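Novice: need a structure here:
(one chain, ligands or ions: 1)
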Amino acid sequence: MAINGSTKLYGILGHPVGHSLSPVMHNAALAAMGINGVYIPMDVTDIRAAVSGLRALGFIGVSVTIPHKEEVMGCLDEIDPVAQRIGAVNTLLFRQKPGEERVTARGFNTDWLGANLALAEKIPLTGSRVLVIGAGGAAKGVCFGLVEAGAEVVITNRTKAKGQALADWLGCSFIPSDQVGDIHADALINTTSVGMEPDVDGIAVAPALLDNFSVVMDIVYAPLTTRLLREAEKAGCQTIDGLSMLLFQAAVQLKIWTGEKPPQDVMRRALVEELRRRKAS
Ligand code: NAP
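Specialist: Predicted coordinates for the structure are as follows:
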């Protein structure tokens, strides 16, 4: 679609942001939806100045990524109550209310919904038991979402203090890494970077333990099929790759910005092609 005076503006704010997969996914979706819009990566360090600039430039919405998800909250007019509870915003929507001069910026968090929607394709979340490995930034959203959906969450993490702190915040339990063998659950989710390129032989849990779980999900998406997922398939588990979470959280963003249901098959294809292209180059 040709860029012209009616082109709607979207993008992602982060630092760094060059590696982000969001532009290929969102631009493919906008094109398939027939929206005259463009989604651009913007490497910014001054988040306050950036939000002010986007407001003035007439942007419709942007994604916000590391390291700005917390600081951006101080630059907004309204924050969705769930994002407020998580303490992080990854989506902005700019709106000019009828009769008002000022453009308001509202913040949302869609990170927590990505993992929920991905896992919910395989099992009902309410009442299910899920072991989450890791306690970093991604784990925070994943665990929050699961607790919100009524799942029983058990957290394990290499650094005990971080894992325990996350468990305490959410009111769920923590187990040290050497006790993972005692856990049987409906699902296991790896939220650590173990298994991510170049550490492709890495695995966050001993393969012999995988038949303690019905579903195994990895949020690492490079490579797409991690060693964890390969071993889980061998053990007869259902598997979910890291693109699902990325895709679902982005689909919720697009729904917020456009009000329409985005074409998830198109978005996934664009992601897979981009990963293939990056691997080949
Ligand atoms: P982070 O905040 O740095 O957290 C990293 C986590 O991995 C921590 O729990 C850390 O444990 C653990 N870890 C790292 N190396 C480890 C090792 N060798 N052995 C055991 N545990 C180890 O990172 P993040 O932002 O949460 O991202 C984690 C991964 O998720 C990355 O691969 C990222 O690409 C991926 N991700 C995917 C999506 C998606 O949509 N699919 C979204 C966000 C992130 P300690 O606390 O002990 O350091």
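
Novice: you'd agree residue 224 is in a helix?
Specialist: No. Looking at residue 224 with DSSP: H, G, I helix; E, B strand; the rest coil, it is coil, so not inside a helix.

Novice: Show me how the record splits the chain into domains.
Specialist: As assigned by automatic domain parsing, the chain contains the domains 8-109+249-280, 112-240.

Novice: how about those domains, which one is nearest the ligand?
Specialist: domain 112-240 (1.9 Å; C-beta to the nearest ligand atom). Bear in mind the C-beta positions are built from the backbone N, C-alpha and C, glycine included.

Novice: Give me the average confidence score over that closest one.
Specialist: For domain 112-240, mean pLDDT rounds to 97.

Novice: For the spatially closest residue to residue 264 that is not a sequence neighbour, grab phi and psi.
Specialist: In space, and not counting its chain neighbours, residue 264 is closest to residue 251: 5.5 Å by C-beta to C-beta, 6 or more residues apart in numbering. Backbone torsions of residue 251, given as degrees, to the nearest 10, read phi -60, psi -40.

Novice: Based on its surroundings, how many neighbours for residue 251?
Specialist: Using other C-beta atoms under 10 Å, residue 251 has 23 other residues around it.

Novice: Repeat that for the one 4 residues further on.
Specialist: For residue 255, the number of neighbouring residues by other C-beta under 10 Å comes to 13.

Novice: Residue 168 now?
Specialist: So residue 168, with other C-beta under 10 Å, has 12 neighbours.

Novice: Up against the ligand, what does the stretch 51-200 of the chain have?
Specialist: Contact residues, the stretch 51-200 of the chain versus the ligand (C-beta under 6 Å from any ligand atom): 114, 134-139, 157-159, 162, 191-194, 196.

Novice: Filter the residues you listed down to the buried ones, PyMOL style.
Specialist: Buried residues among those (16 or more other C-beta atoms under 10 Å), as a PyMOL selection:
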select buried, resi 114+134+135+137+138+139+157+162+191+192+194+196
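
Novice: Show me which pair in the residues of the stretch 51-200 of the chain next to the ligand is furthest apart.
Specialist: Longest distance between any two of those is 24.1 Å, between 114 and 159; criterion C-beta to C-beta.

Novice: wait, doesn't residue 80 sit right on residue 112?
Specialist: No. Using C-beta atoms under 8 Å, residue 80 is not in contact with residue 112, being 11.2 Å away.

Novice: So which of those two has more stuff around it?
Specialist: Neighbour count, other C-beta under 10 Å: between residue 80 and residue 112, residue 112 has more, with 26 against 18.

Novice: Identify the residues contacting the residue lying closest to residue 191 once chain neighbours are set aside.
Specialist: Excluding its sequence neighbours, the residue lying closest to residue 191 (C-beta to C-beta, 6+ apart) is residue 134, at 3.6 Å. By C-beta atoms under 8 Å, 6 or more residues apart in numbering, the residues touching residue 134 are 157, 190-192, 204.

Novice: Same question for residue 141.
Specialist: Counting by C-beta under 8 Å, 6+ apart, residue 141 makes contact with 86, 88, 109, 111-112, 114-115.
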